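Engineer: need coordinates for the following:
(2 chains)
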Amino acid sequence: MPVISIDNLVKTFGRIRALDGLDLRVEAGEVHGFLGPNGAGKSTAIRILLGLLRRDSGEARVFDADPWRDAVHLHRRLAYVPGDVSLWPNLSGGEAIDLLGELRGGLDKRRRDELLQRFDLDPTRSCRTYSKGNRQKVAIVAAFSSNVELYVLDEPTSGLDPLMEAVFQDEIRRIKQAGATVLLSSHVLAEVEALCDRVSIIREGRAVESGTLAELRHLTRTTVIVETARPTSGLDGLPGVHGVREVDGRTHLEVDPAHFDELLGQLIGFGVRALTSTPPTLEQLFLRHYGDEPVAADGHRPADAPRAGAR
Amino acid sequence: MTALTGTRRLARLVLRRDRIRLAIWVLGTPLLGYALAGSVAGIYPDEAARQGYATTSATSLVARAFNGPIAGTDLGAVVVAETYVTLALIVALLSTFAVTRHTRQNEETGRAELLGASVVGRYAPLTAALLVVVTANVVAAALLTFALLGAGLPLAGSVAAAGAVGGVGVAFTGVAAVTAQLSVTSRGANALAAAAVGLSFVLRAAGDVFGDTNAYSTRVESAWPSWLSPLGWGNQVRAFGGERWWVLALPVVLLLGGVTLAYALAERRDQGAGLLAPRRGPATAAARLLSPAGLAWRMQRGTLLGWAFGVAVLGLSMGVAGDEFNAMIDQNPAAAEAINAMGGGTNLIDAYLAAMLGLFALTIGAYVVQALLRVRGDEADGVLEAALATAVSRTRWLGTQVLAAALGAVALLLLAGLTTGLGYGLVTGDPLGQAIELGGAALLRLPALLVVAGVVTALFGLLPRWSVVLSWTALLVFLLLGQLGAVLELPQAALNISPYTHVPSVPAVDPTVLPLVVLAGVAAALLATGVAAFRHRDVPS
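Structural biologist: Predicted coordinates:
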């Protein structure tokens, strides 16, 4: 039984279809990366999972319960860090942490103090004077000092510095070890690559790709740079090979992983001197879905335009 | 002068952001002045009535403290005595809030940083805000002049009175320019400026109370503390009583001094920093904070204490004035009639006390609206989202806010009745008995306030985006129906819209149970509608 399951979820705001048939599955114990450009519908989906917004149609289940009807019951089992944290301006940071923890059903005082230290947060300052990063730390500390089964984190680190980012990643690993499930919406691709077991990419309210990073990579072309004794020829005609071009005496091309064998067989004939093969980075995966061009039926963008990091 | 680069563009931005607020301010204050002047002219139509009014005003310490020094028996002088303090307080607060909004608030939210990184001089944001606010005061004063002329008052006095009101706005613009430099938060800057307004009210009241009356007891010469107060300066202009034009220069001097100081402070501080360090809070929360009710109390207590202080001071003053009122109505049947129309019944002093309690109930309605609209503010800020993502149900959350507002209303009503009774009892004997009787009478107004709470809650549930505007509009309609309905002889059907119409006007009439029960029922229905709608809508929406 998945912790989160969303099927064909639709949510409209007036004429805007924020979610347009979204599917998403998060299994127990996994850290699930939730990626998508701004306005793709990530926060809308998360708010439906929290029972803050009402779905128009489709199905959304959390712990096999209806997040709208069973909101209070579910909220005892989850902690939420919003993307844009706002707090009660006249409370101190420490008071806001205790309040959020208590309203959620109690927090671990020892963990709270430890986290305050690790995140280097001064709890005596008033929430009004906190920067964005510090407000985010308040929400993160409050969430991580609660002993819950599910953490819903909406771009939790967008205001954190690299040191704090490292602390955050440690904490995610810790709660994963403790058996909790995490839904992590993020723009920090290195963070997603480092933490997530599985990834869903959402675009215009719909999931366009979902799976482990290895699976996603398998669906995507590998970049190959090869140096040969004799000039290559006829590679264009091979199945699954794209974007062949000569740069400084080396051949650059992209190949679908399924057709790697045929490519290698053909290359041997030209006398291979050096060969590098680079699996796609998450950034490449991501940019394919981020670009303005529509994604073709096979999941690949039609143009063979070189992508960031491909050279 | 590069420090002022971009001022004109920023001023246009201020005008664009505040086009509605400014329009309401610039048109609203003259209209209010016109309406008040008209009603005063109706109540004191002849020299004899005004003579009586002037004598009472000059001899009553309460009247001197609240209305300022009366400048003679001209109709204009009576109009000034009845309206100046109200209008002056309004423009003083509007001016300070507007300055803070376009200076410190921009720094607090980070907008100033965005602007400061563009081609904008160091002094440009402050200068732009001051230009707009001073201009608004000047335009409002010009329109107020025409409003007073329209009400049939002579030219010189109208110019002087409107100038006095505008001068208060200009003076506090200068004060707010400084407080915006001192505090890191816009709330703090507004609080400092509002404290300055309060201090100048107290100084003026003290100066006027300790002033001398002339031989006929129709005119008051204020003592020196009034001259320390920008609010007092407006009185010292002596509109309609031998104008002293040079006094109008004092606000301008204060403005220039304030602006110079503000520029000097702005030059010496960092963007976003203040001169007063923000206070620190506790590192851990006290147990009593850790529930929706505890949070609601924490959020409300400052506001509630401020209200309690104001209500207590007003209650005591109104009670003490009750005895002087006895003397005044002997001399002025028109005023007696007006009081009777507001309070009802046949015994005039009871009618007066009932009218005061009615006014308190209307005013405390503003507390209820303000307290409940906090939920909408939290929703707009995003705090509500964080709270509802915890294990607190929407019903409990909203119910707690309603309960907190209702308890606040009970406390304030009770305090209003007790202090009014105490004040009246102190001058007539039997303070304890009067306090208990009027405390009970005040509590009878609670069902009307619960209806107000119901209206706000229903609007918050059904029309969240419009709830702020519509809630205040509803209260304003109730206020106008209550204050002007009887005077304008509106049909009963119109008056019945306001819940305040249905509250028995105790102690002027005997209490009746039925209307209270009906009001409570209406309130319960509205509250249930609001909570149900809130449970079924998107958050935020």
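Engineer: give me the residue from the stretch 151-300 of chain A nearest chain B.
Structural biologist: A:V152 (8.0 Å; Cβ to the nearest Cβ). All C-beta spots, glycine's among them, are computed from the backbone N, C-alpha and C.
Engineer: check the secondary structure at that residue for me.
Structural biologist: Recorded secondary structure, A:V152: strand (DSSP: H, G, I helix; E, B strand; the rest coil).
Engineer: so it makes contact with A:L49?
Structural biologist: Yes - at 6.5 Å, A:V152 counts as touching A:L49 under the criterion of Cβ atoms under 8 Å.
Engineer: so where do the strands sit in chain B?
Structural biologist: Using DSSP state E, the strands of chain B run over residues B:212-213, B:220-221.
Engineer: the residue of the stretch 151-300 of chain A closest to chain B and B:A141: what is the separation?
Structural biologist: Going from A:V152 to B:A141 by Cβ to Cβ, to the nearest Å gives 56 Å.
Engineer: and A:V81, by the same measure?
Structural biologist: For A:V81, the distance to B:A141 - Cβ to Cβ - is 52 Å.
Engineer: tell me, what's touching A:V152 and A:L49 both at once?
Structural biologist: Jointly contacting A:V152 and A:L49 under the rule Cβ atoms under 8 Å, 6 or more residues apart in numbering or on different chains are A:L183.
Engineer: mean neighbour count, the strands of chain B: which tops it?
Structural biologist: Of all the strands of chain B, strand B:220-221 has the most neighbours on average by mean count of other Cβ atoms under 10 Å in any protein chain shown, namely a mean of 21.
Engineer: tell me the strands beside that one, with direction?
Structural biologist: strand B:212-213 (antiparallel) (DSSP bridges).
Engineer: so which bits of stretch B:100-114 are buried?
Structural biologist: By 16 or more other Cβ atoms under 10 Å in any protein chain shown, the buried positions in stretch B:100-114 come out as B:100-108, B:112.
Engineer: kindly reformat those as TSV containing distance to B:L422 and pLDDT.
Structural biologist: Formatted as TSV, the buried residues of stretch B:100-114 follow (distance: Cβ to Cβ, whole Å; pLDDT from 0 to 100):
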residue	distance to B:L422	pLDDT
B:T100	37	94
B:R101	39	93
B:H102	43	93
B:T103	42	92
B:R104	40	90
B:Q105	40	89
B:N106	46	89
B:E107	45	87
B:E108	42	83
B:A112	48	84
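Engineer: quick one: the strands in the stretch 51-200 of chain A?
Structural biologist: A:57-62, A:78-81, A:150-154, A:181-185, A:198-203 (DSSP state E, counting those that start in this stretch).
Engineer: list, one by one, the residues from the stretch 301-450 of chain B near chain A.
Structural biologist: B:302, B:381-383, B:385-394 (Cβ under 8 Å from any Cβ of the partner chain).
Engineer: among those residues, which one is most surrounded by other residues?
Structural biologist: B:A389 (28 neighbours; other Cβ atoms under 10 Å in any protein chain shown).
Engineer: gap between that residue and A:L184?
Structural biologist: 16 Å.
Engineer: same check on A:P280?
Structural biologist: Using Cβ to Cβ, A:P280 is found at 21 Å from A:L184.
Engineer: any idea how many residues pack against B:L256?
Structural biologist: If we define neighbours as other Cβ under 10 Å, then B:L256 has 12 of them.
Engineer: per-residue pLDDT, it?
Structural biologist: B:L256 is assigned 96 on the pLDDT scale.
Engineer: the residue nearest to it when sequence neighbours are not counted: what's it in contact with?
Structural biologist: Computed as Cβ to Cβ, 6 or more residues apart in numbering or on different chains, the closest residue to B:L256 that is not its neighbour in sequence is B:G174, at 7.3 Å. For B:G174, the contacting residues are B:251, B:254-259, B:262, by Cβ under 8 Å, 6+ apart.
Engineer: and these, which are buried?
Structural biologist: B:251, B:254-255, B:258-259, B:262.
Engineer: among these, which one sits closest to B:G169?
Structural biologist: Comparing the buried ones among the contacts of B:G174 against B:G169 with Cβ to Cβ places B:P251 closest, at 8.2 Å.
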